[in-house]
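In: Got a predicted model here, sequence first, then my questions.
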Amino acid sequence: MKPALGVCYYPEHWPEEVWAEDARRMAETGLTWVRIGEFAWSRLEAEPGKLTFDWLDRAIDVLGNAGLKVVLGTPTATPPRWMIDKHPDMLAVDAQGNPRRFGSRRHYDFSHAGYRAECVRIARLLGERYGRNPHVQAWQIDNEYACHETTVSFSRTAVEGFRNWLAQKYQSPEALNRAWGNIFWSMDYAEFAEIDAPNLTVTEPNPAHVMDWRRYHSDMVVAFNKAQADVLHRLTGAPLIHNYMGRILEFDHFDVGADLEIASWDSYPIGFLSDRVDETSEHKHRFLRQGDPDMQALHHDLYRAVGRGRWWVMEQQPGPVNWAPYNPAPMPGMARLWAWEAIAHGAEAVCYFRWRQAPFAQEQMHAGLLRPDSAPAPALAEAAKLAEELAAMGDITPVQARVAILFDYPSAWAWEIQPQGADFDYFALVFDFYRGLRRLGLSVDILPTDTPDLSAYKLVLAPGLFTMPAPLRERLAALEGIAIVGPRSNTRTEDFAIPVPLPPALPDLDATIALTESLPPSVAEPLAQGGHVIRWLERLEGHADVVVETTSGQPVLVRRGPLHYLAGWPDAEALSRILQTACKELGIATTLLPDGLRVRDTATRRFYINYSPEPVTHDGMTIAAADVTWKDLP
Amino acid sequence: MKPALGVCYYPEHWPEEVWAEDARRMAETGLTWVRIGEFAWSRLEAEPGKLTFDWLDRAIDVLGNAGLKVVLGTPTATPPRWMIDKHPDMLAVDAQGNPRRFGSRRHYDFSHAGYRAECVRIARLLGERYGRNPHVQAWQIDNEYACHETTVSFSRTAVEGFRNWLAQKYQSPEALNRAWGNIFWSMDYAEFAEIDAPNLTVTEPNPAHVMDWRRYHSDMVVAFNKAQADVLHRLTGAPLIHNYMGRILEFDHFDVGADLEIASWDSYPIGFLSDRVDETSEHKHRFLRQGDPDMQALHHDLYRAVGRGRWWVMEQQPGPVNWAPYNPAPMPGMARLWAWEAIAHGAEAVCYFRWRQAPFAQEQMHAGLLRPDSAPAPALAEAAKLAEELAAMGDITPVQARVAILFDYPSAWAWEIQPQGADFDYFALVFDFYRGLRRLGLSVDILPTDTPDLSAYKLVLAPGLFTMPAPLRERLAALEGIAIVGPRSNTRTEDFAIPVPLPPALPDLDATIALTESLPPSVAEPLAQGGHVIRWLERLEGHADVVVETTSGQPVLVRRGPLHYLAGWPDAEALSRILQTACKELGIATTLLPDGLRVRDTATRRFYINYSPEPVTHDGMTIAAADVTWKDLP
Amino acid sequence: MKPALGVCYYPEHWPEEVWAEDARRMAETGLTWVRIGEFAWSRLEAEPGKLTFDWLDRAIDVLGNAGLKVVLGTPTATPPRWMIDKHPDMLAVDAQGNPRRFGSRRHYDFSHAGYRAECVRIARLLGERYGRNPHVQAWQIDNEYACHETTVSFSRTAVEGFRNWLAQKYQSPEALNRAWGNIFWSMDYAEFAEIDAPNLTVTEPNPAHVMDWRRYHSDMVVAFNKAQADVLHRLTGAPLIHNYMGRILEFDHFDVGADLEIASWDSYPIGFLSDRVDETSEHKHRFLRQGDPDMQALHHDLYRAVGRGRWWVMEQQPGPVNWAPYNPAPMPGMARLWAWEAIAHGAEAVCYFRWRQAPFAQEQMHAGLLRPDSAPAPALAEAAKLAEELAAMGDITPVQARVAILFDYPSAWAWEIQPQGADFDYFALVFDFYRGLRRLGLSVDILPTDTPDLSAYKLVLAPGLFTMPAPLRERLAALEGIAIVGPRSNTRTEDFAIPVPLPPALPDLDATIALTESLPPSVAEPLAQGGHVIRWLERLEGHADVVVETTSGQPVLVRRGPLHYLAGWPDAEALSRILQTACKELGIATTLLPDGLRVRDTATRRFYINYSPEPVTHDGMTIAAADVTWKDLP
Ligand SMILES: [Zn+2]
Ligand SMILES: [Zn+2]
Ligand SMILES: [Zn+2]
């Protein structure tokens, strides 16, 4: 595979006179992809039914004639103002009952059939006009599903959809009452029509109710996306893509991804460090202008799985952004480093967002490759340098890792619904495990829980998996390598009930969770083998072999042969020890990397990526701050 | 009195086949009481008017035949879904104007006459069927009034009730305007119908308005409870009980308690430490798995007063709960300790909540005496041990303390309405005084302010009493022992105005509050006699004798003979000194207990209760962590 | 000018019998002004159209006959309850869509034409009756515009007014779409009637939309005020005044002030220190009972500009207030010190709020000059002492400062709309500059940005000016003294877009902001010349002379002759150095004052004001804590 670079461009924002010069400079920089159109509905259809494609025809022509390949977006994340008059109830409703109004973006309800039909209509019109256009070589559907907390809506429309979804699932109110345990507080329903959204209840609603509510909304995102994918698949052979976001878990990305050819995501390392990485302020200070060393990589590996191997970075941060609490500039070199890291993880393309900084509207403080006055911003030269390096390198072939983490969106919803400890969070747990592996120099695959064959992996981690279907438990128990399951894995049935016999109920592993503690930040239970358990500690009963225990003798990690159950949340030290021990047993070489350095292997090379603000020495090389280098693998 | 143990049980949650075995195991454990039915309305009346009592008949039979006495609950805290269709306006409304919806519990408005009639109806039906059933030896009305902030409702129904209540109270709008001082910002009303709830005003509403609003809602709780109590009193001779909560002060518990035979409360020491005790994180860390050493005792003593001597713990935490920010497990021994402490304070019964952990719905992470798989949870053995100890001990006779604190619910509302300092809180003030007495080894009685005769007490504390009617002031002034009044006591009239002559206006005590300061946490005014004043400091004028003063000579504690006025909030050191000095003068022996140890006297024994996580040595004994022991009194 | 003292009085709160005695005591104290009437609408018009002036006639008579001059307030901040029935949609609406209800004050929508007409009516009635009354020598219109966040309303009325305002401004939707950059996310409007308030959008609304929304509301305050001013100007020759608040910037005070003769403000130093000064807790602890040493002075200088030289303190804190998080008492002497400081800054009058503490309603914990029992509160003697000192001193003549700061309300709105860094705040920036000058012993003038002639000033600071019209840039470039512009000055066009060529685009200054960083509190970029840049750092390009740079060589302060651009937010050390250097170059003597001491010059005297809690020695004098003294200037 030959990775490519690209950029996001908004011809509708600029005078037509500058398009050609812009296209020329893009090509000159070494960019080959240009994404356009995803917010342009008002320019395509200023009044209902009055379509205006000529400017887009010309824009595609100008870009294509400069040698660029176009990713064309369906503009359904930004319905024009007239759409609200046509479908007044298309707006999503917040948990307080207020419609979320026109005036920014993503102002629609995934459940609204009328709006979904409008989206299929505009997608069809675009597909009919550009589906066979030779310059249009990929499509993007909508933009950043779920961003700005737009998955769940408390609208009448959503509630009606939910009732139908429940009727399909449970067939009778009695079945639903049993499944949810509605007898608990006389919450039984006599008809599906009595069921409401689980908001504004006096105290917490039934978690089973909320879980189905969350599943329903995830399904609506899938259906919304599929409706557009279906019509475009009939009209074009080009691949379909969606651009997901970072640490947004409100819908099942694997389900959406199943209807698309390529997954992509929008990578804003500095913004994310500030607003969605759980870390100490020291860590955030150290990586202020670089971003967290594992946050991007985790998403690269996750979206590689969502795309079944095919994935892009659709938006790559090039400079300061506008939306984080604080917005420092990237250290020189980072715009290149981030893209190299994506490529090392197998990205087919990395597109910078955006070509020229917009001097107006919401994102005027968001840097581009060009400044508003069209002078080069710092990232432009870094992109050009990277393009040259890529041209020189030739093919890059991904390789399967030996270590995998199972990832499951419904588990994220479940732990959000029932954290039990105020800081118990599924993503944070997975992130700790991912970082633990990376700090040991390992390349990691992230896999959906229904991956049919895990036999190629030596070490498989299954932290926090809400519900583990029997086949999954069997697959893990049958692994030749080591499986580490837990904490809190398989602790609920599909109906959000505690299974009896009690969890984790792993095949032939004699271990039962007798009691669970969530622990405040001030508590860390010391382990006899070093490190501590924090946040979460399950009291195990049974006769499984004890691998790790507290200093008071309470089992924390138990095993039956290769199958392990981990009964608590290990701190970094304990986790590192557990992972190193497992790797040693498996004959996987590990090395504790210098702080901020990460490595990633492709089929033929090892890439060294230095996120730290100073040079690091490793493997006989000194790698400058914010630099990337590589060695051929033997 | 022979204290008894019990448990809360939900036959409707389990297959009928297991009831008998459950009952057998309860009896075997030494439990004698079993509370049932309080959330079962949907099982009793699945459709309006279609009553189904047979399952409850059988459940009571099974339990009774095993030798258990039943506490039967009226299920009015959980109206079924059909009730909302029948009375769509029965839902309480939050301060933002949103109805608080169906889907959990306590979804009703205390002001709603239609719902109140439904409650009387179901209570009557239950009373008619079970009022003379020999197994049903006590009744619980509703469940945890006020829990989840359900006292106050901003509904149309409540506003209309409020207007009528005001019309009754004031007779004319002119009288109301005068009482509230509505002239202040042209807030006068021409008719009662113009008066609204005091929410959503531009800036703070008139505190007199809010105070009446709070009084009205307290009265509605009293009326709601009385309606059921009245019908049940006609149908049964068994005692009526309500189960109050911890640190919930939104209605006047003395008023509700006046219509019931027995008070009870739901004691969750570890959850309360986490979510409603104001303490340092060091303290919370130290008592993480034990609960605060004074929080339970204060409520025991308070509810003993509410029950006019007769009181229970209706729900006793047995293991981790589900609802606090963090939910650690009790230290081994605490399930026994907590119950022993209640008994030492005079509880007639202590019932654990609940028999078996429910694997479904909202409280699935709430431990029981049994695990979801019916295996014993740790608390079961502790309950059995306690049952044996109780059997061995025989009668326990309460005794009146020599020290009392006056407690007043309207004062709590008043200081919430007008804190003046951001952390001024009535409960916190009383708690400091209570803890100060307990740390000196004293047993304490808590009394309502209308206690007609205080003469049996040597030391009476009256902190923070909003309004002190003249007879109360006279009673305190006439005390032979010592009365300590203040801070902020008697500083408002019944109409929430500053009285003139200025407060505290105590009989013959020449002391006037000339000025009041509230102080931020960074300020502590040192006292010449040791310790500091924090949070609150009144500048006194007058010629009363000065007992304690600041290092700059400002009087803080003044007296005329036995009558003291305290003009500030003392820190622990200052308070301890003040209390010790008073006790010394009164000939009451005090001893500063080791940290975490508490003592409580009955007529014949002194109980030693060790909340600390390590053994303590005191009175020549070493008491293990989480242990209770006792000595006969001479 | 001979400054005077006064007091705020509410005859309607007290029995008529005490008015004469109150008036006598006021005069005896040396007060000459008494403000009355501003909340008395319900007493003037208890029912629609039923006017009752006789009590007010008598009150004015009693006060006037005692020798007092009356400031008569229009009572439009507190419409009576019947007004809401007459104009049900007159209530402002909060951002969540809830009407802000009756029951306190300021319950009206500035956009509401019907209510505005009612206000004109009552103002006319008052003007007709008292406009020529010899005792009424000044008028106050309404009370504390914007207090309690009452400028902006999200009502239907406001939205309709906004649409008309936009239509006037832009003339066509196309022009508005272009100005706002609505193409950005397909936010174009086809008609003005489609435009809504910018609340409840899914993510942030267009900043240009919000900016116009804020401008519209400011204009509504101006129009509201002008309507009353116009009618009163026809009926009286006495000066018209409004009493502004501290650190409330929601409307353009210069615009409102243009229609009035005198500006005034309500000065609550201790309350403001607690609730609206951004400072460390050490600083707040040190000045707990004095208030911040610069907060009052800044407002004095600002409102002197708003009043075009004529200004008062209409409400002066006399003791503890009721509305701050904590409410300590002023240190003895502060009630005198604060008033003296105002007078040194040119106040014509200082009125204490209020005469007697009200024992009822919302402000019962707000001290007065008298206690509720009519005994003197501590401030009464301080006021009397000050009156004597003033009488002894004779005329006080203000003098123009040599140093000025340009102040701009729309810039405050702009930075609030787009802070870019979470703690970037316009007022805080200006306050840092103001404090920096004051710590050097300088007297400062604050000026509106349209001040036609700046030539009398040697040093002019223009921090954070959102938009700088070309004439302003020219005036600053032409200054003979030094102008320091920035940070973030002139970075937006009037349409809230980044101008091209890029900012700051100052005449002949070769400096361009290539990139902007906002920095979290943990980051401070060290400067080669000492001190640091915090919060905000712009990367400059160009060949202007570098005056200050980071230790890594990035320019921070650049100049072309006297015109400087400052590309970051300097900390106190860096700012002091920059200001000292500039003053040295200009020949302005500076001296770093002892902590808490401030000086202020009039034409003939230098006043020394000691805010610190201990005596300070300076200029050969020792000034006691909370004391004021003065020296004749040579
Ligand atoms: Zn984005
Ligand atoms: Zn409860
Ligand atoms: Zn005020």
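Out: Perfect, I can see it now. Ligands and ions are numbered 1, 2, ... in the order given.
In: Distance of the closest residue to chain B within the stretch 351-500 of chain A relative to B:Pro325?
Out: Across the stretch 351-500 of chain A, no residue is closer to chain B than A:Ile498, which sits at 3.7 Å (Cβ to the nearest Cβ). The way it works is simple: take the backbone N, C-alpha and C, and place the C-beta from them, glycine included. The spacing between A:Ile498 and B:Pro325, counted by Cβ to Cβ, to the nearest Å, is 21 Å.
In: Could you check which of the two is surrounded by more residues?
Out: Regarding A:Ile498 and B:Pro325, a neighbour count based on other Cβ atoms under 10 Å in any protein chain shown identifies A:Ile498 as having more, with 19 against 14.
In: What separation is there between that one and C:Ala324?
Out: Going from A:Ile498 to C:Ala324 by Cβ to Cβ gives 50 Å.
In: Okay, now the unreliable bits of the stretch 401-550 of chain A?
Out: By pLDDT under 70, the stretch 401-550 of chain A contains no weakly predicted segment.
In: Please enumerate the strands of it.
Out: All strands of the stretch 401-550 of chain A, identified by DSSP state E, counting those that start in this stretch, fall at A:403-407, A:444-448, A:459-462, A:482-485, A:512-518, A:524-526, A:532-541, A:545-549.
In: out of the ones you listed, which comes closest to B:Ala305?
Out: Minimum separation from B:Ala305 across the strands of the stretch 401-550 of chain A (Cβ to Cβ) falls at strand A:512-518, 35.2 Å.
In: Angles on the backbone of the residue of the stretch 351-500 of chain A closest to chain B, please.
Out: With angles defined as degrees, to the nearest 10, A:Ile498 sits at phi -70, psi 120.
In: Run through the residues that contact it.
Out: A:491-492, B:357, B:359-360, B:364, B:372 (Cβ atoms under 8 Å, 6 or more residues apart in numbering or on different chains).
In: by how many degrees do the helix or strand hosting A:Ala392 and strand C:532-541 diverge?
Out: If you go by DSSP states H and E, A:Ala392 is part of helix A:378-393. Computed by axes from the mean of the first three to the mean of the last three Cα atoms, to 10 degrees, the angle separating helix A:378-393 from strand C:532-541 equals 70 degrees.
In: residues near A:Glu160, how many?
Out: Neighbour number of A:Glu160 under other Cβ under 10 Å is 12.
In: Apart from its chain neighbours, what residue comes closest to it?
Out: Spatial nearest neighbour of A:Glu160, excluding adjacent residues (Cβ to Cβ, 6 or more residues apart in numbering or on different chains): A:Ser111 at 7.9 Å.
In: what's the pLDDT at that neighbour?
Out: pLDDT, A:Ser111: 98.
In: Please report the distance of it from chain C.
Out: For A:Ser111, the distance to chain C equals 16 Å [Cβ to the nearest Cβ, to the nearest Å].
In: try A:Ala95
Out: For A:Ala95, the distance to chain C equals 12 Å [Cβ to the nearest Cβ].
In: Also A:Thr581?
Out: Distance from A:Thr581 to chain C, by Cβ to the nearest Cβ: 36 Å.
In: Need the per-residue pLDDT for A:Met1.
Out: 85.
In: contacts for the helix or strand encompassing A:Gly6?
Out: Here A:Gly6 sits within strand A:4-8, counting by DSSP H and E. Residues from elsewhere that reach strand A:4-8, judged by Cβ under 8 Å, 6+ apart: A:26, A:29-36, A:69, A:71, A:314-315, A:339, A:348-355, A:369, A:383, A:386-387, A:390.
In: one more time with 6 Å, if that's ok
Out: With contact meaning Cβ atoms under 6 Å, 6 or more residues apart in numbering or on different chains, strand A:4-8 is reached by A:26, A:31-35, A:349-355, A:387.
In: list the contacts for the residue nearest to A:Glu160?
Out: For A:Ser111, the contacting residues are A:157-158, A:161, A:220, by Cβ under 6 Å, 6+ apart.
In: Mind checking which of those residues land in helices?
Out: Using DSSP state H, A:157-158, A:161, A:220 are the members of the contacts of A:Ser111 that sit in helices.
In: Count the residues that sit near the residue in the stretch 301-450 of chain A positioned nearest to chain C.
Out: Here the stretch 301-450 of chain A gets closest to chain C at one residue, A:Phe360, 2.7 Å apart by Cβ to the nearest Cβ. Neighbour count of A:Phe360, defined by other Cβ under 10 Å: 23.
In: surely it meets C:Pro499?
Out: No: A:Phe360 lies out of contact with C:Pro499 (Cβ atoms under 6 Å); the separation is 10.9 Å.
In: Out of the ones in helices among the contacts of A:Ser111, flag the one nearest to chain B.
Out: Looking across the ones in helices among the contacts of A:Ser111 and measuring by Cβ to the nearest Cβ, the closest to chain B is A:Ala158, at 15.1 Å.
In: tally of neighbours for the closest one?
Out: A count of neighbours around A:Ala158, defined by other Cβ under 10 Å, yields 23.
In: Got the confidence number for it?
Out: A:Ala158 is given a pLDDT of 98.
In: Quick one: residues contacting whichever residue of chain A sits closest to chain B.
Out: Across chain A, the shortest distance to chain B (Cβ to the nearest Cβ) belongs to A:Gly181, at 2.8 Å. Contacts here follow Cβ under 6 Å, 6+ apart; on that basis A:Gly181 touches B:360-361.
In: At the contact with chain B, which residues of the stretch 301-450 of chain A appear?
Out: A:420-422 (Cβ under 6 Å from any Cβ of the partner chain).
In: For ChimeraX, write a command that selects the buried ones of the residues you listed.
Out: For the buried members of these, the matching ChimeraX selection, counting by 16 or more other Cβ atoms under 10 Å in any protein chain shown, is:
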select /A:420,421
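In: Look up how far A:Arg289 lies from A:Ala381.
Out: Where A:Arg289 is concerned, A:Ala381 sits at a distance of 17 Å (Cβ to Cβ).
In: neighbour-wise, which of the two wins?
Out: Per other Cβ under 10 Å, whichever of A:Ala381 and A:Arg289 has more neighbours is A:Arg289, with 20 against 15.
In: That one contacts A:Asn327, doesn't it?
Out: No: look at A:Arg289 against A:Asn327 with Cβ under 6 Å: they stay out of range, at 10.6 Å.
In: Domain-wise, how is chain A divided?
Out: Chain A breaks down into these domains under automatic domain parsing: A:4-152+A:221-393, A:156-210, A:403-586, A:597-632.
In: mind checking the end-to-end distance for the third one?
Out: Taking Cα to Cα, to the nearest Å, the span from the opening residue of domain A:403-586 to its closing residue is 11 Å.
In: do the same with the second one
Out: In terms of Cα to Cα, the two terminal residues of domain A:156-210 are separated by 16 Å.
In: before we move on, what about the last one?
Out: According to Cα to Cα, domain A:597-632 extends 18 Å from its N-terminal end residue to its C-terminal end residue.
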